[in-house]
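**Student:** Sequence plus the predicted model coming up.
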Amino acid sequence: MTQINVRVDGASYQDDVEPRTLLVHYLREQLGKVGTVVGCDTSNCGACTVHLDGHAVKSCTVLAVQADGCQVTTIEGVATGEGPTATLHPVQRAFHEMHGLQCGFCTPGMIMASIDLLEENPDPSDEEVREGIEGNLCRCTGYQNIVRAVRQAAAEMSGTAADDPKAEPAAVDTAAAEHVAVQA
Amino acid sequence: MIPAPFAYARPTTVEEALQAIADGGEDVKVLAGGQSLIPVMRLRLAAPETVVDLTRVEGLRGVREEGDQLVVGAMTTHADVLTDPLLARYGQLVVQATETVADRQVRRRGTFGGALAHADPAGDLPAVALALDAEFVIAGSGGRRTVAAADFFVDYLTTVLEEGELLVEIRLPKLGEDWGVRYEKFNRVAQAWSIVAVAAAVRREGGRIAEARIGLTNMGPTPLRASATEAALVGVDVSMETVTAAAAQAAEGTSPSNDLNAQADYRQHLAQVLTRRAVAAAAGL
């Protein structure tokens, strides 16, 4: 066992871990940060994306011992405040408002990768968003609204949201699925 | 899956790292960015006895200038490469190829030296290093040695690195403003490895090509030079006709594999097409 000291979502932890423990398993199983999920076994899907010292990484492809002395931010740490009074991060809010998800499994990783992208490029084009989140796979293939969500968040974070007339979720053809319209 | 158990060493100097490798037993793996090693350990394709993590070894990360060379530390990450001012000025071929590596999360952790030492024939950086005649500085118990790129890549996933040795830096020629470059990559989906890719650097003198360097990705078990095309380009007037004619020889001497992505003859066709595109772009056409 190797001792590590990490700050995760603003709290400090000192733990003994096996060197082979992946960061994602440490976060989920030792700290209970189950908001970060495991979607694949091949480093492709990006569902486990967290920020390590401020930058997006795939936490299934980092050993927990490598995070020793580092700051980790998970999806559970991006909102301000806690519980019902918490204020969502603008990217979280945009994914909600633009319906940037279907089953939602890829969402934590999509949001963490998108926050990282927007820090580097605050006003990405559709193409730049698609390239920026190429490390994250949505098996529902719900990319249209994910791209809209990231651009909506970019506009909101730079204070230009009201000027974007296209800031709506993709139109849904409800003819074949009336319950969607009922829910709406 | 979780990797099989291993002993973990985290040295802080090259000397400590070499000692840790020497003391690590029969099967020691060096961990750089981990973006290839951790996946293969997770799949239990590798189950080393000891992992020596270079993350905290001082002096292995960053780019510096030495005369007419750029010296890139082996632990310089792909993300570092993409924002480095010296590489932006003198190493655009490396930058262009690095932009195509995997995805932003992987580029954040993965390293230049790690990708080269891994020597995946479908990886993007080996062909660039070969095209540029990079020099590889290798530390061992007996001191340091320098190996030319042409001698560094030995076979599939195999380099000249001996047991107990460590790649510490890579030396690249500075390409000035008289050089044009292009990395032309063909793959099918995001994150995918190159089916074939071509790294081209062309130096023009007026309307003629004075020098051409062309590296091929995934056209054999190691990266290759398109030597016949390089020779055919020297001294010719720059035009689509001359570039197309020279690029037709790009697959000479290659031995690409057959796999699910492509048959060998298709790869040879791709090598010609991509060489034409890369050289044309590098020559300013």
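**Tutor:** Looks like it came in fine.
**Student:** List the buried residues of stretch A:58-75.
**Tutor:** By 16 or more other Cβ atoms under 10 Å in any protein chain shown, the buried positions in stretch A:58-75 come out as A:58-68, A:70-75. Just so you know, the C-beta spots here come from the backbone N, C-alpha and C atoms, and that holds for glycine as well.
**Student:** Helices of chain B, start to end?
**Tutor:** Under the criterion DSSP state H, chain B contains helices at B:14-23, B:37-42, B:78-83, B:85-90, B:92-99, B:104-109, B:112-118, B:125-131, B:149-152, B:227-233, B:240-247, B:264-282.
**Student:** I'd say residue B:180 and residue B:283 touch.
**Tutor:** Yes - Residue B:180 is in contact with residue B:283 according to Cβ atoms under 8 Å; the separation is 6.0 Å.
**Student:** Can you check which residues contact both of the two?
**Tutor:** By Cβ atoms under 8 Å, 6 or more residues apart in numbering or on different chains, residue B:180 and residue B:283 have these common neighbours: B:202, B:204.
**Student:** Quick one: residues contacting residue 36.
**Tutor:** Going with chain A. A:24, A:27-28, A:48-50, A:59, A:74-76, A:108-109.
**Student:** oops, I was thinking of chain B
**Tutor:** By Cβ under 8 Å, 6+ apart, the contact set of residue B:36 is B:110, B:114-115, B:118, B:120.
**Student:** pretty sure residue A:90 is touching residue A:156, no?
**Tutor:** Yes - the criterion here is Cβ under 8 Å, and residue A:90 meets it with residue A:156 at 4.9 Å.
**Student:** What does the residue lying closest to residue A:81 once chain neighbours are set aside show for phi and psi?
**Tutor:** Distance criterion Cβ to Cβ, 6 or more residues apart in numbering or on different chains; nearest residue to residue A:81, sequence neighbours excluded, is residue A:87 at 5.8 Å. Phi and psi for residue A:87, reported as degrees, to the nearest 10, are phi -100, psi 120.
**Student:** Quickly list what residue A:87 is bridged to.
**Tutor:** Beta-bridge pairing of residue A:87 under DSSP bridges involves residue A:80.
**Student:** Break chain A down into its domains, please.
**Tutor:** Following automatic domain parsing, chain A resolves into domains at A:2-76, A:83-157.
**Student:** Mean pLDDT added to the ones you listed, as CSV?
**Tutor:** CSV is the format used below for the domains of chain A (pLDDT from 0 to 100):
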stretch, mean pLDDT
domain A:2-76, 97
domain A:83-157, 96
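**Student:** can you list those in TSV and add distance to residue B:150?
**Tutor:** Compiled in TSV, these are given as follows (distance: least, Cβ to Cβ, whole Å):
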stretch	distance to residue B:150
domain A:2-76	31
domain A:83-157	33
